[in-house]
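Colleague: Okay, structure incoming, though there's no sequence with it:
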């Protein structure tokens with residue numbers, strides 16, 4: 001079982017018929033060389049790589065730039081095409097006056113399974129008071145949050161908002177709220193590791209941007225920047241497989257991850273087991289991590 005916890009469905013043909021909408025997505029996401037493809041191509045690619053399910057992440061930029069990179073309704077449309085393969089998340093712009101109503105609609109009416117927030121792109125600090133009702137709404141529905149953390153490739157997305165230390169207040173105030181600080185918070189990897197060690201409800205994913213190639217970059221981050229056994233001994237319940245597709249592909253990241261010589265049980269957790277806990281589909285086998 002492999003679950004990709006971090007994909008952005010911006011080039012799915014089923015939601016890309018309007019040229020202006022697609023152009024807006026490309027500008028805001030900062031990817032220009034790809035074009036829409038049918039859902040069958042995505043499913044074939046998932047099958048080829050052994051990916052069982054993928055989490056689809058929208059981004060609401062209503063007050064920042066007047067649109068969505070992918071909307072909650074777009075995500076619902078894709079999930080309905082292959083409900084056994086896709087896990088749809090919601091997004092909401094925290095500055096919207098109707099943010100809570102939209103979140104109620106996304107969780108209650110659309111049936112979306114979690115929330116995506118991007119502090120850099122949506123320009124808020126995670127410990128801002130205005131976010132508290134949103135966090136409490138997620139708790140009320142028992143939904144996890146996928147936070148962007150660290151550097152963003154997207155234009156107009158200052159990194160200062162997504163420094164991992166800004167998430168610590170959230171982890172302290174809401175110990176029952178499952179949250180993922182995506183991308184290992186790169187380049188603030190050690191700050192992210194500190195939060196992973198300290199707070200049972202904090203996860204991260206492997207969708208780290210890479211330079212040169214995925215294998216060399218994983219070796220640098222997992223074996224040099226971090227101690228070579230940190231994941232194996234201390235973080236094996238906290239790391240989830242994610243690609244950040246379409247920016248990076250599973251066919252590059254999976255072989256690199258599998259070449260890290262993790263124990264089979266650790267690799268199994270990274271590839272899918274920890275995602276099940278994050279999604280609330282099962283409890284961690286270690287009670288103190290629930």
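Modeller: Yes, it's here. Everything quoted here is computed from the prediction, not taken from an experiment.
Colleague: What degree of burial does residue 25 show, as a neighbour count?
Modeller: Residue 25 has 22 neighbours, counted by other C-beta atoms under 10 Å. To be clear about C-beta, it is placed using only N, CA and C from the backbone, and glycine gets the same treatment.
Colleague: Oops, could you answer that again for residue 243 instead?
Modeller: Residues near residue 243, counting by other C-beta under 10 Å: 25.
Colleague: Would you agree it is in contact with residue 256?
Modeller: No - applying C-beta atoms under 8 Å as the test, residue 243 and residue 256 come out as separate, 11.1 Å apart.
Colleague: Wait, a strand at residue 146?
Modeller: Yes - per DSSP: H, G, I helix; E, B strand; the rest coil, residue 146 lies within a strand segment.
Colleague: does it have beta-bridge partners, and which?
Modeller: Beta-bridge partners recorded for residue 146 (DSSP bridges): residue 116, residue 180.
Colleague: List the residues that contact it.
Modeller: 5, 6, 55, 57, 89, 114, 115, 116, 117, 179, 180, 182 (C-beta atoms under 8 Å, 6 or more residues apart in numbering).
Colleague: Helices along the stretch 51-200 of the chain, start to end?
Modeller: According to DSSP state H, counting those that start in this stretch, the stretch 51-200 of the chain carries its helices in the segments 62-65, 72-81, 99-104, 119-122, 132-141, 168-173, 189-198.
Colleague: which of those sits most buried?
Modeller: Mean neighbour count (mean count of other C-beta atoms under 10 Å) peaks for helix 119-122 among the helices of the stretch 51-200 of the chain, with a mean of 23.
Colleague: name the helices or strands packed onto that helix?
Modeller: Helices and strands touching helix 119-122, by 3 or more C-beta pairs under 8 Å, 6 or more residues apart in numbering; DSSP states H and E, are strand 59-61.
Colleague: Tell me the gap between the strand it packs on and the middle of its chain.
Modeller: How far strand 59-61 lies from its chain's middle: 14 Å, per C-alpha atoms, centre = their mean, to the nearest Å.
Colleague: Check stretch 235-253 too.
Modeller: That offset, for stretch 235-253, works out to 9 Å (C-alpha atoms, centre = their mean).
Colleague: Report the mean per-residue pLDDT for that stretch.
Modeller: The pLDDT scores in stretch 235-253 average 95.
Colleague: buried residues in it?
Modeller: 235-248, 250, 253 (16 or more other C-beta atoms under 10 Å).
Colleague: Any idea how many residues pack against residue 204?
Modeller: 30.
Colleague: er, residue 111 I mean
Modeller: 13.
Colleague: That one: what's it in contact with?
Modeller: So residue 111 contacts 76, 88 (C-beta under 8 Å, 6+ apart).
Colleague: Phi first, then psi, for the residue lying closest to residue 170 once chain neighbours are set aside.
Modeller: Nearest in space to residue 170, with sequence neighbours left out and distances taken as C-beta to C-beta, 6 or more residues apart in numbering, is residue 126 at 5.3 Å. Main-chain torsions, residue 126, degrees, to the nearest 10: phi -60, psi -30.
Colleague: got a list of what residue 126 touches?
Modeller: Residues counted as contacts of residue 126 (C-beta under 8 Å, 6+ apart) are 117, 119, 147, 161, 166, 167, 169, 170.
Colleague: Among the buried residues of stretch 235-253, which ones are in helices?
Modeller: Counted as lying in helices by DSSP state H, out of the buried residues of stretch 235-253, are 250, 253.
Colleague: Among the buried residues of stretch 235-253, which one lies nearest to residue 199?
Modeller: Using C-beta to C-beta, residue 238 comes nearest to residue 199 of those, at 9.5 Å.
Colleague: Next, work out how far apart the closest one and residue 54 are.
Modeller: Note on residue 238: its distance to residue 54, by C-beta to C-beta, to the nearest Å, is 20 Å.
Colleague: Burial check on residue 33, number of neighbours?
Modeller: Around residue 33 there are 6 residues (other C-beta under 10 Å).
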